[in-house]
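**Q** Build the 3D model from these lines:
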Amino acid sequence: MHSMSKRIWVIIILVGALAGSGFYVYRSLQPSAARSLHVLEWLRHPEDHPEWAIQAGTRCGDAPFLLPTNGFIGYLWDDSFKLGHRHQGIDIFGGFGIDQTPVVAAYAGYLTRLPEWKSSVIVRVPDDPLQPGRQIWVYYTHMADSPGNSFISTDFPADTTEKYIEEGTLLGYQGNFSGDPNNPVGVHLHFSIVKDDGQGKFLNELEISNTLDPSPYLGLSLNAANYDGSIMVCREPRQN
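**A** Residues are numbered from 1 along each chain as shown. Predicted structure coming up:
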């Protein structure tokens, strides 16, 4: 009898744990799911929501960085699309086809494009405007079509290393490159701010712990933990 009671309690605890984990997953993924509905609406009918869009090359208030492209900010830093996943940057959807929506440098620095990079560039910023003396890197990707034909400006061919650029420099155009030609992403720019490894190199951008919350750099609330349900647009845009 004692053994039976023990088994029953074990089952109850396991069921409770599963229910709790299910609730956690629901709470974690629910905001991203809500944003996905906005993304789908934007991609289908961008002309119906011009007020949702940010504008490339404008500055939000006194933010140190320019906004890097036109479009709708669909996904935020630290968003979660599946259990265990944490989004390392923000995704901005232009609302048009591939190779149409320009991407500009958010801040001046030294641009590198590795030989194998078809859709990405990274810009070294020697002096973080929000933490002087710290070096950071600004990463831009998805600037190619699904087979990997690049939309990066011809000023920055593969194997470009440490080429100085000013803020507002045209880097390329939004694309849908994912690395898998049979599974392209929606046309957008993925933008992230990557930490330095202390030896003058950038850390692995795929780990969120290696990236910084872009909110104070762009002057917008872009941390998923602080999401209040509103559309992420600049209320005080300033032309550069």
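**Q** now the helices: where do they sit in the protein?
**A** 2-44, 215-218 (DSSP state H).
**Q** quick one: low-confidence parts of the chain?
**A** Applying pLDDT under 70 to the chain flags residues 1-31, 82-84.
**Q** Spatially central, which residue of it would that be?
**A** The centre of the chain sits closest to residue 90, judged by CA atoms, centre = their mean, with a distance of 2.3 Å.
**Q** wait, isn't that residue in contact with residue 188?
**A** No. Counting by CB atoms under 8 Å, residue 90 does not reach residue 188; the two are 9.6 Å apart. C-beta: built from backbone N, CA, C; applies to glycine.
**Q** gap between residue 191 and residue 213?
**A** For residue 191, the distance to residue 213 (CB to CB, to the nearest Å) stands at 12 Å.
**Q** who's more crowded, those two?
**A** The neighbour comparison of residue 191 against residue 213 (other CB atoms under 10 Å) goes to residue 191, with 26 against 18.
**Q** Show me what the more buried one is bridged to.
**A** Beta-bridge partners recorded for residue 191 (DSSP bridges): residue 90, residue 140.
**Q** quick one: it from residue 172, how far?
**A** Distance, residue 191 to residue 172, using CB to CB: 13 Å.
**Q** Now list whatever residues contact both of the two.
**A** residue 140 (CB atoms under 8 Å, 6 or more residues apart in numbering).
**Q** any chance you could map the strands in this protein?
**A** Counting by DSSP state E, the chain has strands at residues 58-60, 72-75, 90-93, 102-104, 109-112, 121-125, 136-141, 163-165, 170-173, 189-195, 211-212, 237-239.
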